[in-house]
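>>> pasted the sequence and its predicted model underneath.
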Amino acid sequence: MDLAFIAAVFPKLLAGLPLTLSLAVLSLSGGAILALLLSGLRASSWLGAQFANFYVYIFRGTPLLIQIFLIYYGLAQFPALRHSLLWPLLREPYVCAVLALMLNDAAYTSEILRGGLRAVSSGAIEAAKVAGMSRPTMLRRIVLPLAFRQALPAYGAEVTSMVKATSLASVVTLMEVTGLARAEVSQSYRAIEVFLCAAVIYLVLVTLITRLVHWLEDRLSTHRSPALDRSPA
Amino acid sequence: MNPTTVRLTNIHKSFGRQEVLRGIDLEARDGDVISIIGSSGSGKSTLLRCIPFLEIPDQGEVTVGDETIVLTGAGHRFSRAERQKIRRLRGQIGFVFQSFNLWPHMTALQNVMEVPLHVQGRPRAECREEAEAMLAKVGLADKRDAWPAHLSGGQQQRVAIARALASRPRALLFDEPTSALDPELVGEVLRVIRALAEEGRTMLIVTHEMAFAREVSSHAIYLHEGRIEEAGPPQQVFLDPVSERCRRFVRGQAGPVD
């Protein structure tokens, strides 16, 4: 392996890092908001729950790559969309990629949130009710904080998987880390060196995120008894 | 006579086909300590839980302080105004659960401050000061920053009592407050409840601790199959009840004395 070549390629790929991060951050934040909305919908009515279940079924049941293709290539087939005010936005590959990643993330996150909500003990809720708490206060002060703590490990895994999933955005021409790597390979034909460099960048990112989530878990799980810490649920 | 704090009128409640409460009337005046006894399945916990609408009675009338809610039949749908009324009614009660039900993500002090601060909207400094006083009252001033999971059952229950007191309730309701505790922890909780009774607080206590109930209460009620079978001063209910069934129950609970 040519170390000088790797040293030269590394900074080139790092130039794609801001785009990778912005894809991840935007789609994760949008996905989190959508997931909260889906949870609200699920709790609101039978019809709302059916819709939320169907949404999750579709987005978890199909490949993310297909979802990206459908949004990027598919939307153009609708003349109404093409002539709408949104078109300048929707024809942007960046917007399409964020949209697909976000919609996909929302499906997974809403399921994680659902598991967290189910784990909130009925005793904690009764204690809140009997104190005369309104529903919004109960959600904000009791239910969501407890659900969030419960869901944190699973959500951490979702965050890392979304960071890795941003590499799919390269198929719709985005020059994030993977996109730059592919371009570099097509010029240099040195696939091993270039893709290994890209892999290392993702690995470092994922490691940092995992550390952060663990640190957060430790901070927030002070309420568990020492004996229960780190034991499987 | 002291004003009425809690009044239940003709309370009925069924779970499916099982009729758990069959027309209960009960009145607690200011300063009363009423113990409610009965075998398991007699409906005593359900009765207590009907007061703050943790169980919704099918029929009857519930009054706490100056809030009255009238139930007209099973499956009653509450209007917005009625739901707010229920919340106000709950605000006048302190409820202590069998299994403590502290909020596990808050320290002892945060548990006690939560309702005054975030439901009643009182100033933070005042809430903190009062919460610390309440914890001191139950003998846990030094545990203010402990997480519930790090406290013993008896300590958790005492924090729960401090939490119930912190909202300045008109009445305290205890639902078998010592049933989930190891025997050696029962005493510390009963001592706290006894001190509250001596302060003249209005309390309703569902309990299996017969000797304790006899000592602290001003009235006692024996429930059987959803009806009040015996009611009166504790000397009567615990020592010389009219009802033969109640007599057998209190003898049996007291253990084989003779």
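Thanks, I have it. Numbering: from 1, shown residues only, chains lettered A, B, ... in the order given.
>>> and the longest helix seen in chain A, what's buried?
Longest helix in chain A, counting residues (DSSP state H): helix A:191-220. For helix A:191-220, a neighbour-count test (16 or more other Cβ atoms under 10 Å in any protein chain shown) marks A:E193, A:V194, A:F195, A:C197, A:A198, A:I201, A:Y202, A:L205, A:I209, A:V213 as buried. Bear in mind the C-beta positions are built from the backbone N, C-alpha and C, glycine included.
>>> show me which of the residues you listed is closest to chain B.
A:V213 (17.5 Å; Cβ to the nearest Cβ).
>>> contacts only, for the closest one.
A:L152, A:P153, A:Y155, A:G156, A:V159 (Cβ atoms under 8 Å, 6 or more residues apart in numbering or on different chains).
>>> can you select the buried ones from those in PyMOL?
Here is the PyMOL command that picks out the buried ones among these, judged by 16+ other Cβ under 10 Å:
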select buried, chain A and resi 152+155+156+159
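>>> closest to B:T5 among the contacts of A:V213?
A:L152 (43.7 Å; Cβ to Cβ).
>>> residue contacts, the residue nearest to that closest one when sequence neighbours are not counted?
Spatially, and ignoring its direct neighbours in sequence, A:L152 is nearest to A:E217 (5.5 Å; Cβ to Cβ, 6 or more residues apart in numbering or on different chains). The neighbours of A:E217, taking Cβ under 8 Å, 6+ apart as the test, are A:L152, A:P153, A:G156.
>>> right, and the first one touches A:H214 too?
No - here A:L152 lies out of contact with A:H214, judged by Cβ atoms under 8 Å, at a distance of 9.6 Å.
>>> where in chain A is pLDDT low?
Across chain A, the ranges flagged by pLDDT under 70 are A:1, A:222-233.
>>> contact partners for the residue in the stretch 151-258 of chain B that chain A sits nearest to?
As assessed by Cβ to the nearest Cβ, chain A sits closest to B:S167 within the stretch 151-258 of chain B, at 6.5 Å. Applying Cβ under 8 Å, 6+ apart to B:S167 gives the contacts A:A131, A:G132, B:G91, B:G94, B:V115, B:P116, B:V119, B:Q120.
>>> let's see it at 7 Å
By Cβ atoms under 7 Å, 6 or more residues apart in numbering or on different chains, the residues touching B:S167 are A:A131, B:G91, B:G94, B:V115, B:P116, B:Q120.
>>> what are the phi and psi values for it?
Per-residue torsions, B:S167: phi -90, psi 10 (degrees, to the nearest 10).
>>> what's the spacing between it and B:A197?
19 Å (Cβ to Cβ, to the nearest Å).
>>> okay, helices next: where are they in chain A?
A:3-14, A:17-44, A:46-61, A:64-69, A:79-82, A:87-90, A:93-118, A:122-130, A:135-138, A:144-165, A:177-188, A:191-220.
>>> ok, chain B next?
According to DSSP H, the helices that chain B contains are B:44-50, B:80-91, B:108-118, B:124-137, B:153-166, B:183-198, B:210-216, B:234, B:244-254.
>>> got those as JSON lines, with mean pLDDT and mean neighbour count columns?
As requested, those are exported to JSON lines (pLDDT from 0 to 100; neighbours: other Cβ atoms under 10 Å in any protein chain shown):
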{"stretch": "helix B:44-50", "mean pLDDT": "95", "mean neighbour count": "23"}
{"stretch": "helix B:80-91", "mean pLDDT": "92", "mean neighbour count": "16"}
{"stretch": "helix B:108-118", "mean pLDDT": "96", "mean neighbour count": "24"}
{"stretch": "helix B:124-137", "mean pLDDT": "96", "mean neighbour count": "17"}
{"stretch": "helix B:153-166", "mean pLDDT": "96", "mean neighbour count": "25"}
{"stretch": "helix B:183-198", "mean pLDDT": "94", "mean neighbour count": "17"}
{"stretch": "helix B:210-216", "mean pLDDT": "93", "mean neighbour count": "19"}
{"stretch": "helix B:234", "mean pLDDT": "94", "mean neighbour count": "19"}
{"stretch": "helix B:244-254", "mean pLDDT": "86", "mean neighbour count": "16"}
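>>> output those in CSV, with distance to A:K12 appended to each entry.
As requested, the helices of chain B are exported to CSV (distance: least, Cβ to Cβ, whole Å):
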stretch, distance to A:K12
helix B:44-50, 67
helix B:80-91, 62
helix B:108-118, 51
helix B:124-137, 54
helix B:153-166, 59
helix B:183-198, 67
helix B:210-216, 78
helix B:234, 86
helix B:244-254, 82
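>>> so which of the ones you listed comes closest to A:G115?
helix B:108-118 (25.2 Å).
>>> the inter-axis angle of that closest one versus helix B:153-166?
Following axes from the mean of the first three to the mean of the last three Cα atoms, to 10 degrees, one obtains 20 degrees for the angle between helix B:108-118 and helix B:153-166.
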